[in-house]
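Chemist: Provided below are the primary sequence and the corresponding predicted coordinates.
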Amino acid sequence: KEMKREFGRTLNELKNAAQETIDRLRDNIGEEGGSEGPKQDLSMRGDPLELGSRHPVSIVRQEIVDIFRKFGYDVAEGPEVEDDYHVFEALNFPPNHPARDMQDTFFVSTGHPNPLLLRTHTSSVQVRTMERMKNPPIRVICPGRVFRNEAISARAHCILHQEEGLYIDKNVTFADLKQAILLFAREMFGPDTQIRMRPSYFPFTEPSAEVDVSCNICKGKGCNICKGTGWLEIMGCGMVDPNVLEASGIDSKVYSGFAFGMGVERIAMLKWQVNDLRHYFENDMRFLREFATATEV
Ligand code: PHE
């Protein structure tokens, strides 16, 4: 009971002190230049948050995947550190093929029959898919990072991104391959795009071809991007060699298929006329910011 009075008085002092402070602060508000007034402009916006953007390689990677998803392809992925079998052997590379040389491939381990290495193409994922699925139809698109032992320059890099496709079923023909690539090229580069195929060679496809699209910058007239030819090379492709089907346990008398592979940086270079591969890996903000508006949210 005695403490009650004491407590009340203290509480009252506190209340008065608080009130005094509030009054003093309130008086200062609006008093321009008041010595105790707030020094900051409280109506100013906070620290601006920078909006990030997707990397051009990610944008194009996704665009390619989306196009093939529409055609019914599934995405398949596999390890970046692979073995010789999945990168070369199962794909019909002869034992002395130059790609199996230290000059072209980064080896992680050597000295035994199936050395570990960094994959040089995502065709290894196609091998793993065939091994896993065995029963066609198989329709996959394999995006991923690949590694090549190249000196870095404007036109070559030791890290690249690829997307490779594989389609296996009964009665798949070269005409199906050509149609699939034409549809892809038109989705990617516009409805007027033309394609042409030039004979080529890959150990894992027969026949093989190199695909060019009509230059979308000069519309085929010839400019410095297409070096005056009117055509731009975009990918390699071909009918899967029967040896490759058999190596993964698929009966080549019943099934046939096609495969194709392209470099994502290359497609992005053509899309945005980037003239130096190194830009993709240097994280220069001035370069990356240019793609902020190309990012779909
Ligand atoms: N794997 C080949 C490369 O890396 C591309 C390719 C894929 C060619 C499929 C033909 C068929 O260059």
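Modeler: Perfect, thanks for sending it. Numbering: from 1, shown residues only.

Chemist: which parts of the stretch 101-250 of the chain sit against the ligand?
Modeler: Proximity of the stretch 101-250 of the chain to the ligand, by C-beta under 6 Å from any ligand atom, involves residues 121, 123, 164, 202, 205, 236-238. No exception for glycine: its C-beta is placed from N, CA and C like everyone else's.

Chemist: Sitting in helices, which of these do you find?
Modeler: Secondary structure defined by DSSP state H assigns residue 123 of these to helices.

Chemist: From the residues of the stretch 101-250 of the chain next to the ligand, list just the buried residues.
Modeler: 121, 123, 164, 202, 205, 236-238 (16 or more other C-beta atoms under 10 Å).

Chemist: Make TSV out of the residues you listed and add pLDDT and distance to residue 186.
Modeler: Supplementary listing: these in TSV, determined by pLDDT from 0 to 100; distance: C-beta to C-beta, whole Å:
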residue	pLDDT	distance to residue 186
121	96	25
123	96	25
164	97	20
202	95	24
205	97	23
236	97	19
237	98	16
238	98	21
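
Chemist: What backbone torsions are found at residue 204?
Modeler: When read as degrees, to the nearest 10, the backbone of residue 204 gives phi -100, psi 0.

Chemist: where does the closest residue to the ligand within the stretch 1-150 of the chain sit relative to residue 39, distance-wise?
Modeler: Minimum separation of the stretch 1-150 of the chain from the ligand (C-beta to the nearest ligand atom) falls at residue 121, amounting to 3.3 Å. Separation of residue 121 from residue 39 (C-beta to C-beta, to the nearest Å): 62 Å.

Chemist: low-scoring pLDDT stretches of this structure, where are they?
Modeler: Filtered on pLDDT under 70, the chain yields the residue ranges 30-38, 294-297.

Chemist: which residues does residue 108 contact?
Modeler: Shown here is residue 108, whose contacts under the criterion C-beta atoms under 8 Å, 6 or more residues apart in numbering are 81, 115-118.

Chemist: Among these, name the buried ones.
Modeler: By neighbour count, with 16+ other C-beta under 10 Å, those hold 115, 117-118 as buried.

Chemist: Now, these that are in strands?
Modeler: Secondary structure defined by DSSP state E assigns 117-118 of the buried ones among the contacts of residue 108 to strands.

Chemist: where exactly do the strands run in this protein?
Modeler: In order along the chain, the chain carries the following strands (DSSP E): 74-75, 81-83, 116-118, 138-147, 159-169, 195-202, 205-214, 231-240, 256-263.

Chemist: got the ones you listed as TSV, with distance to residue 92 columns?
Modeler: TSV is the format used below for the strands of the chain (distance: least, C-beta to C-beta, whole Å):
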stretch	distance to residue 92
strand 74-75	24
strand 81-83	16
strand 116-118	17
strand 138-147	18
strand 159-169	14
strand 195-202	9
strand 205-214	9
strand 231-240	10
strand 256-263	12
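
Chemist: so which of the ones you listed gets nearest residue 49?
Modeler: strand 159-169 (29.2 Å; C-beta to C-beta).

Chemist: contacting residues for the closest residue to the ligand within the stretch 151-297 of the chain?
Modeler: With C-beta to the nearest ligand atom, the shortest gap between the stretch 151-297 of the chain and the ligand falls at residue 261, namely 2.8 Å. Contacts of residue 261 were listed using C-beta under 8 Å, 6+ apart, and they are 121-123, 162-165, 235-237.

Chemist: which residues does residue 94 contact?
Modeler: Residue 94 makes contact with residue 203, according to C-beta under 8 Å, 6+ apart.
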